[in-house]
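A.B. asks: Structure for the following, please:
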Amino acid sequence: MVTFTQQIRGRGARTNTSSRFESRQLEAFDDGWTLDDEAPAPLRTHLLPDKARTIIARNTSPDVGFDRSINPYRGCEHGCIYCYARPAHAFLGLSPGLDFETRLFFKPDAAALLEKELSAPRYVPRVIHIGGDTDPYQPIERRLRVTRQVLEVLQRFNHPFTIITKSALILRDADILGDMAARGLTRVAISITSLDRKLARSMEPRAATPEPRLSAVEGLARAGVPVVVMFAPAIPGLNDHEMEAVLERSAAAGAVGSGYVALRLPLEISELFQEWLATDHPDRASRVMSLVRQMRGGKDYDAAFGARMKGQGPVAQMMGQRFRAARRRYGLDRPLPDLDLTAFKVPPKAGDQVDLFG
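C.D. replies: Predicted structure coming up:
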């Protein structure tokens, strides 16, 4: 596995260190052959099929808000440096660094697997969350349409779901989302981390810039889709000062709810994030990490349920107070109705006998 140490255009991570499960750990070093002004070669994105046996993942985490989810992709080309899904690439023998952004897995059988699971005689519907790990509308979705196929199955089964993205590509599926929202079967979350185009491009190099995300909020709202805006992650000393402005613009665009998550740095993400800070924001790197540790009991991260999403201590408390005040100010604190679980129905298959009395 190659280890990179220079900034690569369009990529978030600065290195590609070995998976934590590898017996050999590779480190970068200067062999004297690289010129200071020599740009590294661009990294191509490689796609591989993921032959999953099931598509609905289940969890028992008490602080994520759902117990089942679908992720059409593993790895994400958006390259968000803070992405909490990065460490999962280590289970594939790949790096949570640049491999996570360039070696992507798609699930070609996602729709067929979902139809099979929803058709099981003992299946009991509960809200499914789409995109809990990696973005379901990352750039490869434009061509592969795996997410679109999943939505089409959910629509035919009248199955409720939520979905989160930071991509304006979601507007492509406004026809499905609008239809299901009208029947109380869906709502959407859009992640907006900054209104500063330069900062957003640095943190999330291949994701939509802030204005298209706000346009996505507006477009979905016009289609009748309830939109919740997520200010996530909130990074103290880097983007947290934009919290109020993001909520104000989101409310003006038609959002009906909001949420936030404090920066999380589990496992390899801590080192990757600090490498990125050192190259992109060296003037603020030490202060940002000091504030992060003040929110995490002196550590880079605390994985305890109840604390991992919001942090603890005065810095975390102030962030929470500001968020709640802004949410009230802009009318984003209204309770949202539960999605309808009663409409679920397995549609007839070709060749099934017609029920004359149904």
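A.B. asks: Report the distance from the lengthiest strand in the chain to the chain centre.
C.D. replies: Assignment by DSSP state E gives strand 227-234 as the longest strand of the chain. Chain-centre distance of strand 227-234: 10 Å, with C-alpha atoms, centre = their mean, to the nearest Å.
A.B. asks: For it, enumerate the helices and strands it packs against.
C.D. replies: Contacting strand 227-234 under the criterion 3 or more C-beta pairs under 8 Å, 6 or more residues apart in numbering; DSSP states H and E are the following elements: strand 186-191, helix 210-222, helix 243-253, strand 257-262, helix 314-329. Every C-beta, even on glycine, is put in place using the N, C-alpha and C of the backbone.
A.B. asks: One more pass at 7 Å, please.
C.D. replies: strand 186-191, helix 210-222, helix 243-253, strand 257-262 (3 or more C-beta pairs under 7 Å, 6 or more residues apart in numbering; DSSP states H and E).
A.B. asks: want to try a markdown table for the ones you listed, with mean neighbour count, distance to Gln294 and mean pLDDT as columns?
C.D. replies: Output for the helices and strands packed on strand 227-234, formatted as a markdown table (neighbours: other C-beta atoms under 10 Å; distance: least, C-beta to C-beta, whole Å; pLDDT from 0 to 100):
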| stretch | mean neighbour count | distance to Gln294 | mean pLDDT |
| --- | --- | --- | --- |
| strand 186-191 | 24 | 24 | 98 |
| helix 210-222 | 20 | 28 | 98 |
| helix 243-253 | 20 | 18 | 98 |
| strand 257-262 | 21 | 11 | 98 |
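A.B. asks: Distance to Leu104 for these - can I get that in TSV?
C.D. replies: TSV is the format used below for these (distance: least, C-beta to C-beta, whole Å):
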stretch	distance to Leu104
strand 186-191	19
helix 210-222	22
helix 243-253	28
strand 257-262	24
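A.B. asks: between those, which one is nearest to Asn59?
C.D. replies: Among those, the nearest to Asn59 by C-beta to C-beta is strand 257-262 (16.1 Å).
A.B. asks: Name the surrounding residues that touch the closest one.
C.D. replies: 228-234, 243, 247, 250, 295, 309-311, 316, 319, 323, 327, 332, 336 (C-beta atoms under 7 Å, 6 or more residues apart in numbering).
A.B. asks: helix or strand right after it?
C.D. replies: Sequence order places helix 269-280 as the next helix or strand after strand 257-262, per DSSP states H and E.
A.B. asks: what angle do that next one and strand 227-234 make?
C.D. replies: Helix 269-280 runs at 80 degrees relative to strand 227-234, counting by axes from the mean of the first three to the mean of the last three C-alpha atoms, to 10 degrees.
A.B. asks: Tell me the buried residues in helix 269-280?
C.D. replies: For helix 269-280, a neighbour-count test (16 or more other C-beta atoms under 10 Å) marks 269-277, 280 as buried.
A.B. asks: just stretch 89-99 next, same as before
C.D. replies: Buried, per 16+ other C-beta under 10 Å, within stretch 89-99: 89-90, 92, 94-99.
A.B. asks: I'd like to know which of those residues are part of helices.
C.D. replies: In this view, these that belong to helices under DSSP state H are 98-99.
A.B. asks: and the buried residues of stretch 89-99 as TSV, adding pLDDT and distance to Thr209?
C.D. replies: TSV is the format used below for the buried residues of stretch 89-99 (pLDDT from 0 to 100; distance: C-beta to C-beta, whole Å):
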residue	pLDDT	distance to Thr209
His89	96	26
Ala90	94	30
Leu92	92	30
Leu94	94	28
Ser95	94	27
Pro96	95	25
Gly97	95	24
Leu98	95	22
Asp99	96	25
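A.B. asks: For Ala13, state which of the buried residues of stretch 89-99 is nearest.
C.D. replies: Gly97 (3.9 Å).
A.B. asks: list the contacts for the closest one?
C.D. replies: 13, 15-17, 272.
A.B. asks: Looking at those residues, state which has the most neighbours.
C.D. replies: For the contacts of Gly97, the largest number of neighbours (other C-beta atoms under 10 Å) sits with Ala13, at 30 neighbours.
A.B. asks: mind checking the backbone torsions on that residue?
C.D. replies: Dihedral angles of Ala13 (phi, psi; degrees, to the nearest 10) stand at phi -70, psi 150.
A.B. asks: Quick check: closest non-adjacent residue to Leu336.
C.D. replies: Gly257 (5.6 Å; C-beta to C-beta, 6 or more residues apart in numbering).
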